[in-house]
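>>> Quick one: sequence plus predicted model below, questions after.
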Amino acid sequence: MSLRTNTAAAAGTWQLGDLTVNRVGFGAMRLTGTEPFGGGVPRDRERSIGVLRRAVDLGVNHIDTAAFYFSATRSANELINRALAPYPEDLVITTKVWPGRDPSGGWWWAAPAQLRGQVEENLRQLGRDHLDVVNLRVPPSYRSSSIAEHFGVLAELREAGLIRHLGISNVTSDQLAEARAIAPVVCVQNPYGIGASSEDRAILRRCGELGLAFVPFFAIAGPGREAGPAAGDNEAVYAVARAHGVSIAQVRLAWTLQQGPHVLAIPGTGDLDHLAQNVAAAALRLSEEEMVRLTSLRPVG
């Protein structure tokens, strides 16, 4: 049966602290160019603005962004500001800090004392006087290290009123516990999708036990990460897509959303057709047998 175009509300809602969001949101990373972080060809500015406005029309009220989402001529935060300000009252904008990029696009990682500057950069670009949710995005090299000093700075900025709620990203279960001992955490944003490891599944379950939102990134791309989905996707995913008359991206999103009511999706695109498909996945329900079959898969390669 073909999947109709639906709104982002079809998958239900979840709380980010005291903020209610539809479980299908939007990731802004791909708004700036055909490849993330300055690669490829810059997106047409008006088209990206149109995608953002259409997302809101389709019920998206949770947008994930970052100041380091920019290309030579486009900034995701600036596009969001231009497209949506004055912002709808129910719109929640989530951003992230710790990584940064200099004007030439080179990457750097903020020291604790530099985090306030990154928060203020997001405030300026988005035209806000506070940020709804800020995730501390942890470097891969910190997987076994303490995040207390960095997270403590964000906790202070929350107390000062610059941030409403805090989250953490790319973390272990131990780092989640460490952060929660410092300040309330409303969400965990980690890579997750079909083929997730046992460690990834454990932190998803832990978030459910704690009543925290789990927000997977690369749910569609999988191990392809910023480069996008691998060309040789597993035949089982194609079979489920054919059975429902939908795309493999929609199957991957539906599988992700059915991992638990606390799981949010933030698929990103610069294309209106892909946006409509992503949002329509909110209404796609996979059978128990299909879920078991897909859950048993491991990433291609």
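Yes, it's here. Everything numeric in this text was worked out from a predicted model, so none of it was measured. Numbering: from 1, shown residues only.
>>> check contacts around residue 114.
Residues near residue 114 by Cβ atoms under 8 Å, 6 or more residues apart in numbering: residue 100. Where C-beta positions appear, they are placed from N, C-alpha and C, glycine not excepted.
>>> Helices of the stretch 101-250 of the chain, start to end?
115-126, 148-159, 173-180, 198-210, 235-244, 248-257 (DSSP state H, counting those that start in this stretch).
>>> what's residue 269 sitting at in phi/psi?
phi -170, psi 160 (degrees, to the nearest 10).
>>> Please report how far it lies from residue 69.
13 Å (Cβ to Cβ, to the nearest Å).
>>> So those two - more neighbours on which side?
residue 69 (28 against 20; other Cβ atoms under 10 Å).
>>> Skipping adjacent residues, who's closest to that one in space?
Using Cβ to Cβ, 6 or more residues apart in numbering and skipping residues adjacent in sequence, the residue nearest residue 69 is residue 76, 3.6 Å away.
>>> Model confidence for that neighbour, exactly?
On pLDDT, residue 76 comes in at 97.
>>> That one: neighbour count?
Residue 76 has 30 neighbours, counted by other Cβ under 10 Å.
>>> isn't it right up against residue 82?
No - using Cβ atoms under 8 Å as the test, residue 76 is too far from residue 82 to be in contact (10.8 Å).
>>> circling back to that earlier point, out of the helices of the stretch 101-250 of the chain, which one sits most buried?
The highest mean neighbour count among these, using mean count of other Cβ atoms under 10 Å, belongs to helix 248-257: a mean of 24.
>>> Quick one: list the elements packing against that one.
Packing partners of helix 248-257 (3 or more Cβ pairs under 8 Å, 6 or more residues apart in numbering; DSSP states H and E): helix 235-244, helix 272-280, helix 288-295.
>>> between that helix and helix 235-244, what angle do the directions make?
Inter-element angle recorded for helix 248-257 and helix 235-244: 100 degrees (by axes from the mean of the first three to the mean of the last three Cα atoms, to 10 degrees).
>>> Over helix 248-257, what's the mean pLDDT, rounded is fine.
Average pLDDT, helix 248-257: 95.
>>> what's that helix in contact with?
With contacts defined as Cβ under 8 Å, 6+ apart, helix 248-257 is touched by 3, 11, 23-24, 192-194, 216, 219-220, 222, 229, 233, 237-238, 240-241, 244, 263, 265, 267, 274, 277-278, 280-282, 284-286, 291, 294-295.
>>> Let me have it in CSV, keeping just the CA atoms, if that works.
Provided in CSV are the C-alpha atoms of helix 248-257 (Å, rounded to 0.1, in the frame of the first residue of the first chain):
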residue,chain,number,x,y,z
ILE,A,248,14.4,2.6,1.9
ALA,A,249,15.0,5.9,3.7
GLN,A,250,11.4,5.8,4.9
VAL,A,251,11.9,2.2,6.1
ARG,A,252,15.0,3.2,8.0
LEU,A,253,13.2,6.1,9.6
ALA,A,254,10.1,4.0,10.5
TRP,A,255,12.4,1.3,12.0
THR,A,256,14.1,4.0,14.1
LEU,A,257,10.9,5.5,15.4
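>>> got the angle between that helix and helix 272-280?
Interaxial angle, helix 248-257 versus helix 272-280 (the same axes, to 10 degrees): 30 degrees.
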